[in-house]
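Enquirer: just to be clear, the model below is a prediction. Sequence and coordinates:
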Amino acid sequence: MTTRQVEHEISIDAPASTVYRLLAEVENWPRIFPPTIYVDRIGLDVDDHQVRSGIGEERIRIWATANGEPKHWTSRRKLDPRKLQIAFQQEVSSPPVQAMGGTWIIEPQSGSMSKVRLLHGYRAINDDPEGLNWIDEAVDRNSKVELAALKQNIESVHASNELTFSFEDTLQINGTAKDAFDFVNDADKWDRRLPHVSSARLAEEMPGLQTLEMDTLAQDGSTHTTKSYRVTFPHRRIAYKQVTLPALMALHTGFWTFSEAEGGVAASSQHTVVLNTENIVRLLGVDATIADARSYVHKALSANSMATLRHAKDYAEGKRA
C-alpha cells in the first residue's frame, strides 16, 4: 500500500500557546475552518501520567466538505500541550480514503510569532490512482484553506470579537421532542409550512448529513437564496453551517435543540454570526454602524427562528392532540 506524505505550513502573528489552544478546542472549528460543518467530541481518555503531563487522547466525529462534497469521519487525537503538538488518525474514513493521519505542530518563532506545520499521511482504497489524485486535491485545498483561516482568525481576534455574536431563542412546546424535531428535520416541506420560505430543496447524501437550499423572504420583501449543510442527531439536535450567505454575514452557524422535560419539550434555535462589514453601508446606509448591522441581522434571524419554532409548536401539539 502506498502512503503519501505531505506538509503545509504558515506563519501566524500570535503566541504559539494561543494557536495550540484554538486548535485543541474543536467546538470552534466550524467558525475557524471553512470546510468544517460540525465537530462532535466523543470523549477524552487520560490516565494519571497523562494528567500530570497534560497529554490526553480523544475521539472526535467530523463533518466537513472535501472538494465541495460533504464527508464524515471519526478521528482519534493525541494532545500534547508541552510539545505544542496534536496528532490525529482517522478511525473511520470516507471513500476514496483508506487511511488518513497527521500532526499539527506549532513552533514558537518569538514571543508573539509562531509557525504552524500541518502534516498528512494517507492512502487510497486499493491504491486507486484516481482516488489518490482526489485525496491529493482535497488535502491540498483544505490544508491551505484551514491554515489561512486559522491565521486570519487569530490575527484579527480583536475585530472578530466585535463582529462575532451569538444568541438563542427558545419556545416551550406541549408535545414530544420527536414531533418537534421532525418538523425542523423535514425542511423540504418548509415552503408549504413556513410563510417566510418560498422554496426549499433538501438532499441527504448519507444518513444524518443533509444539504439544504432554500429561498427566504426578508422583511423588506426581497428574496435571499441560502445553502446549508446540516448534521442531524434524532431527536435531540440539528447542527448546521450556511455556505451561501446573505450579504451582511461572513459566517453563520447554529443548531436546533429539543430537550424533553416534564410537561413538554424546550425547543431552541442558536445562532453564531460573523458580520460582513463590506456590505453594511450599501445595505443599511452611510450612517450605519456595526451595532446597527448586528441588530438588523439579529432581528432577521430571530424572526425566522421564532416563526419556525411556533409552527413546530403547532405541529407537535397538533400531533399530541
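Expert: Perfect, I can see it now. Numbers count the residues shown, from 1 in each chain.
Enquirer: distance from the biggest helix by length in the chain to the middle of the chain?
Expert: For the chain, the longest helix by residue count, based on DSSP state H, is helix 290-320. In this view, helix 290-320 has its centroid 20 Å away from the chain centroid, taken as Cα atoms, centre = their mean, to the nearest Å.
Enquirer: let's have the chain start at 815 instead
Expert: Taking 815 as the first residue, the last one we looked at is helix 1104-1134.
Enquirer: buried set for it?
Expert: Neighbour-count burial for helix 1104-1134, counted by 16 or more other Cβ atoms under 10 Å, picks out 1107-1108, 1110-1111, 1114-1115, 1118-1119, 1122-1123, 1125-1127, 1129-1131. (Glycine included, C-beta is placed from N, CA and C.)
Enquirer: quick check: mean pLDDT of that helix?
Expert: The average pLDDT within helix 1104-1134 is 95.
Enquirer: who does it touch, helix- and strand-wise?
Expert: strand 978-987, helix 991-999, helix 1004-1007, strand 1078-1089, helix 1094-1098 (3 or more Cβ pairs under 8 Å, 6 or more residues apart in numbering; DSSP states H and E).
Enquirer: so for residue 909, which of those sits nearest?
Expert: helix 991-999 (25.8 Å; Cβ to Cβ).
Enquirer: packing partners of that closest one?
Expert: Using 3+ Cβ pairs under 8 Å, 6+ apart, helix 991-999 is in contact with strand 1051-1058, strand 1063-1075, strand 1078-1089, helix 1104-1134.
Enquirer: show residues contacting it.
Expert: Residues outside helix 991-999 that contact it (Cβ atoms under 8 Å, 6 or more residues apart in numbering): 987, 1007, 1046, 1048-1050, 1052, 1070, 1072-1074, 1079, 1081, 1122, 1125-1127, 1129-1130, 1133-1134.
Enquirer: any chance of the helices and strands packed on helix 991-999 in TSV with distance to residue 938 as columns?
Expert: As requested, the helices and strands packed on helix 991-999 are exported to TSV (distance: least, Cβ to Cβ, whole Å):
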stretch	distance to residue 938
strand 1051-1058	26
strand 1063-1075	31
strand 1078-1089	35
helix 1104-1134	41
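Enquirer: which one, of those, ends up nearest to residue 876?
Expert: Among these, the nearest to residue 876 by Cβ to Cβ is strand 1051-1058 (12.0 Å).
Enquirer: buried residues in the closest one?
Expert: Of all the residues in strand 1051-1058, those buried under the rule 16+ other Cβ under 10 Å are 1051, 1052, 1053, 1054, 1055, 1056, 1057.
Enquirer: likewise for stretch 1065-1082?
Expert: Under 16+ other Cβ under 10 Å, the buried positions of stretch 1065-1082 are 1065-1072, 1074, 1078-1079, 1081-1082.
Enquirer: low-confidence ranges in the stretch 1015-1135 of the chain?
Expert: For the stretch 1015-1135 of the chain, no stretch is flagged by pLDDT under 70.
Enquirer: for the stretch 865-1014 of the chain, same thing?
Expert: Using pLDDT under 70, the flagged stretches of the stretch 865-1014 of the chain are 865-869, 970-975.
Enquirer: strands of that one, start to end?
Expert: Residue ranges of the strands in the stretch 865-1014 of the chain, as given by DSSP state E, counting those that start in this stretch, are 870-880, 883-894, 899-906, 911-922, 928-938, 978-987, 1011-1020.
Enquirer: excluding its own residues, what touches the third one? List them.
Expert: It stands for strand 899-906. Under the criterion Cβ under 8 Å, 6+ apart, residues 834, 837-838, 873, 887-894, 911, 913-920 lie in contact with strand 899-906.
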